[in-house]
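Engineer: Here is a sequence with its predicted model. Questions after.
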Amino acid sequence: MTEMVLKTNTLPEPLLRLIHTESVKVREAHGEIRLTPIRETESECPLLGMFADGKISVDKFIENKRNERELES
């Protein structure tokens, strides 16, 4: 399996018309080549990690962890 990220401007014109993002993930596995558009979003806080959906901030997560530790003691 091979995987790489390419800028869409390096793709042939017919594919370029179909993909409306700046970059694309190219993956080859078992003779099949897949192109997956990469949508880059700007989040309010890049440190959200596994909470990237924005439902909880880093500060709130840290506060919750402190509270959990206090309850465990």
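Structural biologist: Structure received. Numbering: from 1, shown residues only.
Engineer: you'd agree Glu3 is in a helix?
Structural biologist: No - read with DSSP: H, G, I helix; E, B strand; the rest coil, Glu3 is strand and lies in no helix.
Engineer: Can you give the distance of stretch 58-73 from its chain's centre?
Structural biologist: With CA atoms, centre = their mean, to the nearest Å as the basis, stretch 58-73 stands 27 Å off its chain's centre.
Engineer: Show the average pLDDT along it.
Structural biologist: Averaged over stretch 58-73, pLDDT sits at 83.
Engineer: cool, and stretch 8-25?
Structural biologist: pLDDT averaged over stretch 8-25 gives 91.
Engineer: What are the buried residues along stretch 24-34?
Structural biologist: Using 16 or more other CB atoms under 10 Å as the test for burial, stretch 24-34 gives Val24. Backbone N, C-alpha and C define where each C-beta goes, glycine included.
Engineer: For Met4, which non-adjacent residue is spatially closest?
Structural biologist: Nearest residue to Met4, sequence neighbours excluded (CB to CB, 6 or more residues apart in numbering): Val26, at 5.3 Å.
Engineer: Report the secondary structure state of the one you found.
Structural biologist: Val26 ends up strand, using three-state DSSP.
Engineer: contacting residues around it?
Structural biologist: By CB atoms under 8 Å, 6 or more residues apart in numbering, the residues touching Val26 are Thr2, Glu3, Met4, Val5, Leu6, Ile33, Arg34, Leu35.
Engineer: what's the answer for Lys7, then?
Structural biologist: Residues in contact with Lys7 (CB under 8 Å, 6+ apart) are Glu22, Ser23, Val24.
Engineer: If we use 10 Å, what do you get?
Structural biologist: Residues in contact with Lys7 (CB atoms under 10 Å, 6 or more residues apart in numbering) are Thr21, Glu22, Ser23, Val24.
Engineer: right, and the pair among the contacts of Val26 with maximum separation?
Structural biologist: Val5 and Ile33 (14.1 Å; CB to CB).
Engineer: follow-up on the earlier one: how much space separates the residue nearest to Met4 from Ile62?
Structural biologist: 38 Å (CB to CB, to the nearest Å).
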